[in-house]
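J.: Predicted structure and sequence below. I'll ask about it afterward.
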Amino acid sequence: MSVDTQEKNQKLKKRITIRFAGDSGDGIQLTGSQFTSTTAVFGNDLSTFPDYPAEIRAPAGTLFGVSGFQIQFSSDNVHTPGDDSDVLIAMNPAALKVSLSTLKENGIIIVNKDSFTTRNLKLAGYDENPLEDRSLDGYQVFDVPITTLTRESLIDSPLTSKEKDRCKNFFALGVAYWMFTRPMDTTLEWIKAKFKNKPDIIEANSQALNAGYSYALSTEIFTTSYHIEQAKVDPGIYRNITGNEAIVLGLITAAKKASLELFMGGYPITPASDILHYMAKYRNYDVKTFQAEDEIAGVGAAIGASYAGALGVTASSGPGIALKGEFLGYAVMMELPLVAINIQRGGPSTGLPTKTEQADLFQALYGRNGEAPIPVVAAQSPADCFDAAYEAAKISVQFSTPVFLLSDGYIANGAEPWLIPDPDKIDEIKVRYADPNKEYQPYLRDPETLSRHLSIPGTKGHEHRLGGLEKEDISGNVSYDPDNHDKMVRLREEKVNKIRDFVEDPQMDGQEQGDLLIITWGSTYGTMRNVVDEMRKNGDSISWYHLRWINPLPQNLAKFIHNFKHVIIPELNMGQLIRVIRSEYLVDAKPINQVKGLPFSTNEVIDAIDEIMKGSNNA
Amino acid sequence: MPENVVANQNVSKLTKKDFTSDQEVRWCPGCGDYSILAQTQKVLPELGIPKENIVFVSGIGCSSRFPYYIDSFGIHGIHGRAPAIASGIKLANSDLKVFIVTGDGDGLSIGGNHLIHLFRRNLDVTVLLFNNRIYGLTKGQYSPTSERGKITKSSPYGSLENPFNPVKVALAAGATFVARSIDREPKHLADIIKRASEHTGTSFVEIYQNCNIFNDGTFGQLTDSKTKKDHVINMEDGKPYIFGSESDKVLAFENGQFHVEKYIESDSQIIHEPKKINTSIEFALAELTENEQLPAPIGVFKEEDKKTYDGLLIKQVNNVKEKQGSGDLKKLLFSGNTWEIK
């Protein structure tokens, strides 16, 4: 498609953030995903954040039914989906109402003018039509009659009126493609594949897309398009990936590298269900999925599968993890491999099922009776979920222990380009079983890892019995001996601590001494990257340490944490990691906490840091 | 012979002793569990399954100590959760012969949800539920199978709930093999355990087991030599429901219910046919224990051939492999829209 730019301006931009918003039924997630695919293939770096309402298909036009999709793309590196957006594409008044607060001053607003009916305005809580009452004077507003134009472009289509109206998201997408100088090929090909057996739908969606593009090209109201050049990133083959899909690929890769079948015991829960969905697709990768009758049965079956020689996995979110607590303690006692995944969401209780939080760290570290230590690793971005999942599985198998993998709603559903690793270059995982020709002692341990030697059913002569009762060192017999219990508790903890010898310490980003050290974990990584870059640009001296394994804590942190005048820990909770750091290192760390169901914005964190530094300097 | 369990013609001749572990048995002397253990150990060698392919899974309770006393692979799980663990084991390795040992509190209170879904799925495992109508290990609270009015430490004025009928629960949830036996009928018990073990699909055996410490004599009428002939019917394939000290009584089925008649030999007597699925008769037989005036049936209520969840899962995995090819990691990671940066 050639671009006729003779009569229009084209501006070169480094970075743009767009938010698409509309009803659940408007195809917002699809529109956003297509813009993402096109942008990725074009060669920009990007990050996305789907913002789902909790409701399934709320009544059209209501505030609580608004679905959002935000994408930041750039010719530079992108670390977050963006704090505020430069462009808002709102399909109805409710979407405008809900999303306007995320739009920058002088930002661009494209609305579907046709949806600004009296009824919809009322549903959205507008007394006056904002397109007419000058309340949007601080923005560049483009009120496009998208529904009308879509219908006109499909005048010859045999589809019903209702079906035609459902193509309006492709019209909007076409407008966006023109405005941001994107080719339409990727989406046209996707339409052909997606609606393969429905030629009328293919034709209509393609026509609507083209019509949107042509309209933007020809109409006088759009005077400027924007161009973002390709990003300079590491060479290699890329694909877009969400955190949940990356977890699944990481686990399948680990299972293959360990020559184990993968067994997923799960139960539906937002936002972890995608993991069960993806797993269920990959039967041919020796993946068995078991949609259990409840959360407890999900983890119990995974433990049974690990006992029988598979790699057992269970995935849930906070409320489901709460139910799994007894079985997780049981897996500690049995010392069996298990990957327990928590896609954290807003809590307590049912809380905010579709929003993000980092408030389950204590649950992962401490959420069981007795002394029941479980290693904890946290993923930092959608693409990083692959490495985090692979590593969690590897440690689980090598140490014969349950391992917690923490993600959250933000990175589970968000997407970014992923530099695909060559699977042939990923290490094999050696699984150590007891020698089948020797007498079996269940709790005889490998001296390097303190992992007990497993023997799985089917191994002749190794019949043995194990349970949740405390057992005697070496023999595994039930034991109530006080000294033995003390010994076994310490052995289990020592085993977990030995993991730090087998995983890489995170590297400090910055000096190992100075005025300010920021410590973070999990999905705040992208925002902190922006914060650190911004503060350094402003001349501030700042060091940044992003934790990956939280239990055990890394070895190198103790060497330099005391070298800083200030230690600040931003978290999307009321202070969980900070309590661990304070108790472990006895530093007077300061918190930055937020529990809004939303990720931090860069400016919020910078302002909070300035406030803390200013306050302490005056003290 | 279960189709999923490898019958090894070369398996060395096993005896009861081969299945006796080195652990000291810690049940109370006189506990009915001893009999169940002995009969199970007697049956295991007769199944023709290599010892290393047998796994016992239990929950928490007196019955759940069982795996420690069988010399096979075994897991002592957590309260009520044996079916979950057993499901994972069977699905991960369907060549294994998996037994679940549970009790009335473990299996029907905290574990009730797991049990009914196990039945629904028809996983190929054998469930032995020891029913003593009491929480024994926690020293004497009424259980989900205790009769209404039961006086215990937690119900000093009598329990208020109606009890579960375990056989009815199993029938309603779709178990494909449902049976009952009694700890003090060793030959019958051994036969039932063997038959249950050889069934493909979920087998459920309720075993009336006496807790001589906290609920002694709860099945006294059924086990006392003076009364049992009038209070127990041994259901035998192809035979009428004859009972009585002189075999002079018979059950007749009328209007969806059984009642007692004087036995007169004739061709019009209803006969026991557990493989002929008849829901009305199954439930009517199961309900007999809810009326003290009627005899309690022991034996097989139902035996049905049905596809198993584990069999279907393996078939599905193999079908997907056949259609899509065994999974190649490179293909997996590089799937979807990819693009190259030079």
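T.: Received, thanks.
J.: now A:Thr147, nearest residue through space, not along the chain?
T.: A:Asp114 (3.8 Å; Cβ to Cβ, 6 or more residues apart in numbering or on different chains). Yep, even glycine has a C-beta here, placed from its N, CA and C like the rest.
J.: residues making contact with the lengthiest helix in chain B?
T.: Counting by DSSP state H, the longest helix found in chain B is helix B:309-324. In this structure, residues lying in contact with helix B:309-324 by Cβ atoms under 8 Å, 6 or more residues apart in numbering or on different chains are A:283-284, A:286, A:288, B:3-4, B:90-91, B:94, B:121-124, B:327.
J.: do the helix or strand hosting A:Thr39 and chain B meet?
T.: In this structure, A:Thr39 sits in helix A:28-42 according to DSSP states H and E. Yes: counting by Cβ under 8 Å from any Cβ of the partner chain, chain B has neighbours in helix A:28-42: A:37, A:40-41.
J.: From chain B, how far out is the nearest residue to A:Gly522 once chain neighbours are set aside?
T.: Closest residue to A:Gly522 apart from its sequence neighbours, by Cβ to Cβ, 6+ apart: A:Ala378 at 4.3 Å. Distance of A:Ala378 to chain B, given as Cβ to the nearest Cβ, to the nearest Å: 23 Å.
J.: which residues does A:Ala378 contact?
T.: Contacts of A:Ala378 by Cβ under 8 Å, 6+ apart are A:388, A:405-407, A:521-522, A:547-548, A:550.
J.: got any ranges where the chain has weak pLDDT?
T.: Here I'm looking at chain A. Applying pLDDT under 70 to chain A flags the ranges A:1-7, A:618-619.
J.: hmm, I had chain B in mind actually
T.: In chain B, residues with pLDDT under 70: B:1-11.
J.: So A:Ala211 sits against A:Leu149, correct?
T.: Yes: assessed by Cβ atoms under 8 Å, A:Ala211 is found in contact with A:Leu149 at 6.6 Å.
J.: which residues do the two both contact?
T.: Going by Cβ under 8 Å, 6+ apart, residues that sit against A:Ala211 and also against A:Leu149 are A:Phe171.
J.: What about A:Gly597, how many residues nearby?
T.: Using other Cβ atoms under 10 Å in any protein chain shown, A:Gly597 has 18 other residues around it.
J.: and the most centrally placed residue in chain A, helix, strand or coil?
T.: Nearest to the geometric centre of chain A sits A:Ile411, at 1.2 Å (Cα atoms, centre = their mean). Classification of A:Ile411 using DSSP: H, G, I helix; E, B strand; the rest coil returns helix.
J.: Skipping adjacent residues, who's closest to it in space?
T.: A:Gly243 (3.9 Å).
J.: One more: A:Asn603?
T.: A:Asp83 (6.4 Å).
J.: For B:Phe334, which non-adjacent residue is spatially closest?
T.: A:Ile420 (5.8 Å).
J.: Got phi/psi on that neighbour?
T.: With angles defined as degrees, to the nearest 10, A:Ile420 sits at phi -70, psi 130.
J.: which ones are touching it?
T.: A:236-239, B:333-334, B:338.
J.: Could you give the secondary structure assignment for B:Val101?
T.: Classified using three-state DSSP, B:Val101 is strand.
J.: was I right about it contacting B:Ser63?
T.: Yes: counting by Cβ under 8 Å, B:Val101 does reach B:Ser63; the two are 5.6 Å apart.
J.: tell me which residues in stretch A:611-619 are buried?
T.: A:612-613 (16 or more other Cβ atoms under 10 Å in any protein chain shown).
J.: Restricting to C-alpha, output it in CSV.
T.: Provided in CSV are the C-alpha atoms of stretch A:611-619 (Å, rounded to 0.1, in the frame of the first residue of the first chain):
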residue,chain,number,x,y,z
GLU,A,611,9.7,12.8,48.6
ILE,A,612,11.5,10.2,50.6
MET,A,613,15.0,11.6,49.7
LYS,A,614,13.8,15.2,50.5
GLY,A,615,12.3,14.2,53.8
SER,A,616,15.4,12.3,54.9
ASN,A,617,17.7,15.1,53.9
ASN,A,618,15.8,17.5,56.1
ALA,A,619,15.9,15.1,59.0
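J.: Tell me which residue of the stretch 201-342 of chain B lies closest to chain A.
T.: For the stretch 201-342 of chain B, the residue closest to chain A is B:Gly327, as judged by Cβ to the nearest Cβ, at 3.2 Å.
J.: out of everything not next to it in sequence, what's closest to that residue?
T.: A:Tyr285 (3.2 Å).
J.: go on, A:Arg536?
T.: A:Ile542 (6.4 Å).
J.: And B:Thr145, by the same measure?
T.: Per Cβ to Cβ, 6+ apart, closest to B:Thr145 is B:Asp104, 4.3 Å.
J.: B:Thr126 is in contact with B:Gly201, correct?
T.: No: using Cβ under 8 Å, B:Gly201 makes no contact with B:Thr126, being 9.7 Å away.
J.: which residues are common contacts for these two?
T.: In contact with both B:Gly201 and B:Thr126: no residue, using Cβ under 8 Å, 6+ apart.
J.: Out of the two, name the residue with the larger neighbour count.
T.: B:Gly201 (27 against 23).
J.: burial of the residue lying closest to the more buried one once chain neighbours are set aside, as a residue count?
T.: Nearest non-adjacent residue to B:Gly201, counting by Cβ to Cβ, 6+ apart: B:Thr176, 3.9 Å away. Residue neighbour count, defined by other Cβ under 10 Å, stands at 22 for B:Thr176.
J.: thinking B:Thr176 is in contact with B:Thr202, fair?
T.: Yes: at 5.9 Å, B:Thr176 and B:Thr202 qualify as touching, with contact defined as Cβ under 8 Å.
J.: Show me what secondary structure element comes after the biggest helix by length in chain A.
T.: Longest helix in chain A by number of residues, with DSSP H as the criterion: helix A:199-218. Under the assignment DSSP H and E, the closest C-terminal helix or strand after helix A:199-218 is strand A:224-228.
J.: one step back: spit out the residues that contact B:Val101 and B:Ser63 alike.
T.: B:128, B:130.
J.: Quick check, A:Glu512 in contact with A:Phe560.
T.: Yes: under the criterion of Cβ under 8 Å, A:Glu512 makes contact with A:Phe560 at 4.2 Å.
J.: show me what contacts A:Phe69?
T.: A:19-21, A:28-29, A:31-33, A:48-51.
J.: Just the closest of those residues to chain B, please.
T.: A:Ser33 (10.5 Å).
J.: and that closest one, what is it in contact with?
T.: Contacts of A:Ser33 by Cβ under 8 Å, 6+ apart are A:69, A:415.
J.: How about the residues of the stretch 51-200 of chain B by chain A?
T.: Residues of the stretch 51-200 of chain B lying near chain A (Cβ under 8 Å from any Cβ): B:51-58, B:67-68, B:70-78, B:81, B:83-93, B:95-96, B:113-114, B:117.
J.: Can you say which of those residues are buried?
T.: B:51-58, B:67-68, B:70-78, B:81, B:83-93, B:96, B:114, B:117.
J.: taking those residues one by one, which sit in strands?
T.: Within those, residues falling in strands by DSSP state E are B:54-58, B:73-76.
J.: So which of those residues is the closest to chain A?
T.: Closest to chain A, out of all of these and judged by Cβ to the nearest Cβ, is B:His76, at 2.5 Å.
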